[in-house]
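Q: Have a look; sequence and predicted model below, questions after that.
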Amino acid sequence: MAERYKRFYADINREPHIKTCPQCCAIKEIDKNLFQGVRWRKNIPRHVTCDECQFEWCFYCHAPWHNKMTCKEYREGEKLLRTWAAQTDNNQQNAQQCPRCKVFISRNGGCPHMICSKCHCDFCYNCGKRRLGIKFLGSHESRFSPFGCKYNLYPDKPILRYTVRGLVAGAATLAAPVAAVGAVALLAVGTTIGAPTYGTYRLVKHIRNKNRARHLRSQSTLSSMNEDSSNVTIEDDDYNLAVEASLQTFKEEMEKREGILKNHLEESDDDSFDD
């Protein structure tokens, strides 16, 4: 920010020993004492080199360095260049000047949308103006937009073109507040009507969700109770089966013991008869 301020300050004050580079706008300063005396022009170096971008330029006329050519001859040559650039060939100019850095650009073909390779400025090759636009008023390609290219609408009738585009821009400017007021009115009406309706809808939806949740809870409770009862029934059946199995086992054991005792008694009776 401080560097930009210094550059603007140097351009505004027009100090004779301070100038900015025509390419990168860096400040170039030479000895102020060289400007003293009657023949001070011969003491000032014409050929200077920028310390930032190494661009060679003339300190007198603030143009690119023109070797073996005076500043007047260079300006005349630049006039010839401008004349050649303004000439048309195949329904287009030989060259177009960038609206920002003023460098000449020649187009081989394609659309008129150009981007300067030096300063990256976006401009139109047909009219040489920067491509500007506002969404509500149109862009550079719009016929009736005030930012449109002059070749899109009455290129040979500038007064008629300005009149038509001015009327369209004025109508659009007047229509904007009306559209804004209408939008606000529609929003107010929609809010007045829609807010109660939306509130009722949300209330009904909340009640339905609550009833659905209660129903689901009751179903889950019943299912859990049924599962518990089925588990209890299964446990009771298992217990009864275990009791029956135990009784059967006890009965079989008792029968075995009775058989063994009976056999023992019979054997003892036989022994007594033998004696």
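A: It's in.
Q: only C-alpha atoms for contact and neighbour calcs from this point on.
A: Noted.
Q: So for stretch 19-35, mean pLDDT?
A: Taken as a whole, stretch 19-35 has a mean pLDDT of 78.
Q: Report the buried residues of that stretch.
A: 19-23, 25-29, 35 (16 or more other C-alpha atoms under 10 Å).
Q: okay, it in PDB with CA atoms only?
A: Extracted as PDB, the C-alpha positions of stretch 19-35 are listed here (Å, rounded to 0.1, in the frame of the first residue of the first chain):
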ATOM      1  CA  LYS A  19       9.100   9.100 -13.000                       C
ATOM      2  CA  THR A  20       7.400   5.700 -13.000                       C
ATOM      3  CA  CYS A  21       8.200   2.800 -15.200                       C
ATOM      4  CA  PRO A  22       5.800   2.600 -18.100                       C
ATOM      5  CA  GLN A  23       5.600  -1.200 -17.700                       C
ATOM      6  CA  CYS A  24       5.500  -2.000 -14.000                       C
ATOM      7  CA  CYS A  25       5.000   1.500 -12.600                       C
ATOM      8  CA  ALA A  26       8.000   1.200 -10.300                       C
ATOM      9  CA  ILE A  27       9.500   4.600  -9.300                       C
ATOM     10  CA  LYS A  28      12.700   5.600 -11.100                       C
ATOM     11  CA  GLU A  29      14.600   8.500  -9.600                       C
ATOM     12  CA  ILE A  30      17.800  10.200 -10.900                       C
ATOM     13  CA  ASP A  31      20.000  12.800  -9.400                       C
ATOM     14  CA  LYS A  32      18.200  16.000  -8.800                       C
ATOM     15  CA  ASN A  33      21.400  18.100  -9.300                       C
ATOM     16  CA  LEU A  34      21.500  17.100 -13.000                       C
ATOM     17  CA  PHE A  35      18.500  19.400 -13.600                       C
END
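Q: So which bits of stretch 209-223 are buried?
A: Quick answer for stretch 209-223: no buried residues (16+ other C-alpha under 10 Å).
Q: Contacts for stretch 113-127, please.
A: 92-93, 96, 98-101, 105, 107, 112, 129-131, 149-151 (C-alpha atoms under 8 Å, 6 or more residues apart in numbering).
Q: Mind checking which of those residues are buried?
A: Buried, going by 16+ other C-alpha under 10 Å: 92-93, 96, 98-99, 105, 129-131, 149-150, out of the contacts of stretch 113-127.
Q: which outside residues touch stretch 137-146?
A: 131-133, 147-149, 152-153, 162, 164-166, 168-169, 172.
Q: Of those - the most surrounded one?
A: Highest neighbour count within the contacts of stretch 137-146, by other C-alpha atoms under 10 Å: residue 149, with 24 neighbours.
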